[in-house]
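Trainee: Have a look at this prediction, sequence included:
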Amino acid sequence: MSTKKLVIVGVILVIFQVFSFLVGGLIAPSPTSAVHYLATKCVDVRKHHQNSTWFMPWGPNQCEKIRDFDEAMIKKIEANEIVFAVHIPLPNNEMSPWFQFMLFILQFDIAFKMGNQIEEGAVVTIDVSLAYRDDTFSKWTEMAHSIEQRKLSCNFSTPKTHEYEGRHYECDLLPFMELGSVAHKYYLINMRLPVNERKKINVGIGEIKDIRLVGIHQNGGFTKVWFAVKTFLTPSILIIMIWYWRRITLMTRPPVLLEKVIFALGISMTFINIPVEWFSVGFNWTWMLLFGDIRQGIFYAMLLSFWIIFCGEHLMDQTERNRFGVYWKQVGPIVFGSFCLFIFDMCERGVQLKNPFYSIWASDLGTELANLQMAFIIVAGICACLYFLFLCFMVFQVFRNISGKRTSLPAMSKARRLHYEGLIFRFKFLMLITLACAALTVIFFIISQVNEGHWHWAGYTVQVNSAFFTGIYGMWNLYVFAIMFLYAPSHKRYGDDQSNAGDLGVNSGEEIQLTTTITHVDGPTEIYRMTGKESQE
Amino acid sequence: MEERTWYMGRPTLGSQVMCDNIPGLVNKQRQLCHQHPNMMQSIGVGITEWIRECQHQFQHHRWNCSTMARDHTLFGRVLLRSSREAAFVYAISSAGVVYSLTRACSQGELESCSCDPKKKGSSRDSKGTFDWGGCSDNIDYGIQFAQAFVDARERKERDARALMNLHNNRAGRKAVKRFLKLECKCHGVSGSCTVRTCWLAMADFRKTGDYLRRKYNGAIQVVMNQYGTGFTVAYKKLKKPTKNDLVYFENSPDYCIRDLEAGSLGTAGRICNLTSRGVDSCEVMCCGRGYDTASVSRMTQCECKFHWCCAVHCKDCHEVVDVQTCKALKNIDWLDQT
């Protein structure tokens, strides 16, 4: 491949990169939005709770409400008769499958009272049920019912004296509910805080003034743009993957390890690209969130393994490589760490398929299970650290070998020199683009975390967070694309392999051509042919 | 001023009847009332809340934010005077309206709240905007509507007093904004922070009340500038008022004796604190007229066990306390009796 072609490809890649950022920044809205809900305090006027009724906070058939608990006190309403009702969404809106997921945060407004303070380690027990319906007049259908416990962690910044009564505690956000699909138009949450003094249920939780929920869902517009990006990227990666594998099969020698790994990387990228999410719009697939996590996990594991193996293959020590078994020590932690994260994810998102109110951070089995979960996270963290130590060590080794080889390069025979120069070039090239991609990812991650989410610029609103997602997603796709494209074996003289196998003399005859190709990226593929040959020898 | 809209919390009336019968609304406000009848109820709730807050803040003062019964102007003539107290009342009332509207919004009591397409100037219907990119924040909406509604009265005529009210209204709204708290939640893969959603949460109204109370203490006396477009400080030593400061024109009365013309209820009969040395001390509260001490025996509740709501199990305790109340001026008493 000539320099001209290479430049053209490079420019096209850069254009696509910029394009993928702009799609997110200018077309898509912000990825998620948060909606505030304040629970309406309904009064359950029935004397016996035999059949379940649903309490609507507003609209037709709304419940009997009280404005605050002073009113309840006057009317002699008991705590067990109060139902907190939240209708999702707010009036005049409908939920839509494009929202993909919904998660809810729970917050208590608890007023400080000298005689009624929050006790140490107070736990709130919530009897919660969730219902749905798809039009405004039909009956509510129960979706889930559970009795959940949440640990209150509140602090009161001002001194606890009479003077400061009535001020609110500052309480941490509590995870409340997570739904993996938004298949229905309307949802209704009914919560009760039953009091049982004998069993110490909901005792010593202070004077609750209000219950607030924050509902987070993905924005429909973002989902559409995201799907479009995926749908566009899938065929492009698929095509280059097929092209790449055809190149490899066209060669007479069997593919080397690195080529297989690159191919596997392509497969995992395609796997993550395939827009199966389209189905979530039509079907009520609650496991889509979990499935998405798994796909991402596989890709990350593959990418990390790829880096390790790539470094290993360029170590340029004389040990026999090109076998997967050599790398078990490095790939092991990756697989193990990913597995731990998978278990962790299964414990949270998997259980949430059954009980959307489940949260391992507030697990009702107490702290033991939560500790077990934490252990998984910690193990995964340790694996990540181990991995990076390994990787850094390997990169260091490669560079040490490179500088070692550099000094002895002029003394070598031309074929050997070209071989090593090729290796060095290949390695440095990949290091460069990998570092660039990683740096871009980190920079954009920081920007999106620090920034409020959007920039106003010359009348346009640039959604930084959306740009981050589409841009980075596009970038790693282009990365995989570029690797497959540039590291594919050259097809130009694949026929030579049979006739020239092992013939170093002919190789040295091709020297001039090789030295010219080595200076650009095509070089590595030529060199690869050579190393391939050597391994055949 | 919206304290005249006291009668609004009556949902039984049709919006037409309700809006036309609230005394003291200007045309623009009446128009808004017709458009959003539910808003008026929330504003009505807001009024009770900020009055409670105002009375909490000034419970130990000679002026205790007391409202006048049977008077729809609520504060009598306090507000006719461009005093420091008037500045505070305007500020906290506009803050209270923002607060209650935002609450009502997230409770689903308002029909068209954050997803109002008219506000955004986009052609999409409200469903479209919600599906595509979510709605704007409730708090923004509360602030915008409160501004449109509360300021409508002052927009009618632009005299010095209107400018002062507008300034203090804005200070009140800013005070709510000041205590918005940014809260975030990470919800990426396995709870990682790749996806993070943030929102603004409102702190409890007491914080706004405390803040405005401090601003009341540091309120700045101003006069109109010579062009009639803004304020200059009344005394050279004072600093220029910022948008967060409360401003006023006239000095307050001392609120010692009942003088309805000046907007003062007087402190006769108010309970004072014998041990205190501050504004609630008997010396200061009673303006040197002296106080009566009465021994009161009362039943109080003690050793209470509370539930989170509504139920309190207490023992009844008996206690005898001395209560000091301020004496009234003799001749005023005599005048009242006739």
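Mentor: On my side now, so go ahead.

Trainee: Excluding chain neighbours, what is closest to residue A:390?
Mentor: residue A:330 (4.9 Å; Cβ to Cβ, 6 or more residues apart in numbering or on different chains). The C-beta positions use only the backbone N, C-alpha and C, and glycine is treated the same way.

Trainee: wait, what's in contact with the one you found?
Mentor: Residues in contact with residue A:330, defined by Cβ atoms under 8 Å, 6 or more residues apart in numbering or on different chains, are A:305, A:308, A:312, A:387, A:390, A:391, A:394.

Trainee: Return the member of those residues nearest to chain B.
Mentor: residue A:387 (16.2 Å; Cβ to the nearest Cβ).

Trainee: just to revisit the earlier point, now the contacts of residue A:330: which count as buried?
Mentor: Buried members of those, scored by 16 or more other Cβ atoms under 10 Å in any protein chain shown, are A:305, A:308, A:312, A:387, A:390, A:394.

Trainee: closest to residue A:277 among the residues you listed?
Mentor: Among those, residue A:305 lies closest to residue A:277 (Cβ to Cβ), at 25.8 Å.

Trainee: Helix or strand: which one has that closest one?
Mentor: helix A:288-313 (DSSP states H and E).

Trainee: Please state the offset of that helix from the chain centre?
Mentor: The chain centre lies 12 Å from the centre of helix A:288-313; the measure is Cα atoms, centre = their mean, to the nearest Å.

Trainee: hmm, back to that, most widely separated two among the buried ones among the contacts of residue A:330?
Mentor: Greatest spacing in the buried ones among the contacts of residue A:330, by Cβ to Cβ: A:312 and A:387 (13.3 Å).

Trainee: Show me which parts of stretch A:236-252 are buried, residue by residue.
Mentor: Here stretch A:236-252 shows A:237, A:238, A:240, A:241, A:244, A:245, A:247, A:248, A:251 as buried, counting by 16+ other Cβ under 10 Å.

Trainee: who does the host helix or strand of residue B:50 touch, helix- and strand-wise?
Mentor: Per DSSP H and E, residue B:50 falls inside helix B:37-57. Counting contacts by 3 or more Cβ pairs under 8 Å, 6 or more residues apart in numbering or on different chains; DSSP states H and E, helix B:37-57 is packed against helix B:15-21, helix B:27-35, helix B:84-106, helix B:138-150, helix B:205-217.

Trainee: What angle do helix B:138-150 and that helix make with each other?
Mentor: With axes from the mean of the first three to the mean of the last three Cα atoms, to 10 degrees applied, the angle from helix B:37-57 to helix B:138-150 works out at 90 degrees.

Trainee: May I see the buried residues of helix B:37-57?
Mentor: Buried residues in helix B:37-57 (16+ other Cβ under 10 Å): B:37-47, B:49-51, B:53-54, B:56-57.

Trainee: how far does it sit from the chain's center?
Mentor: 7 Å.

Trainee: Likewise for stretch A:3-16?
Mentor: For stretch A:3-16, the distance to the chain centre is 30 Å (Cα atoms, centre = their mean).

Trainee: Follow the chain on from the helix holding residue A:305 and name the next helix or strand.
Mentor: In N-to-C order, the element after helix A:288-313 by DSSP H and E is helix A:328-345.

Trainee: Please name the nearest non-neighbouring residue to residue 314.
Mentor: As the question left the chain open, I've gone with chain A. Per Cβ to Cβ, 6+ apart, closest to residue A:314 is residue A:427, 4.3 Å.

Trainee: I was after chain B.
Mentor: Per Cβ to Cβ, 6+ apart, closest to residue B:314 is residue B:301, 3.6 Å.
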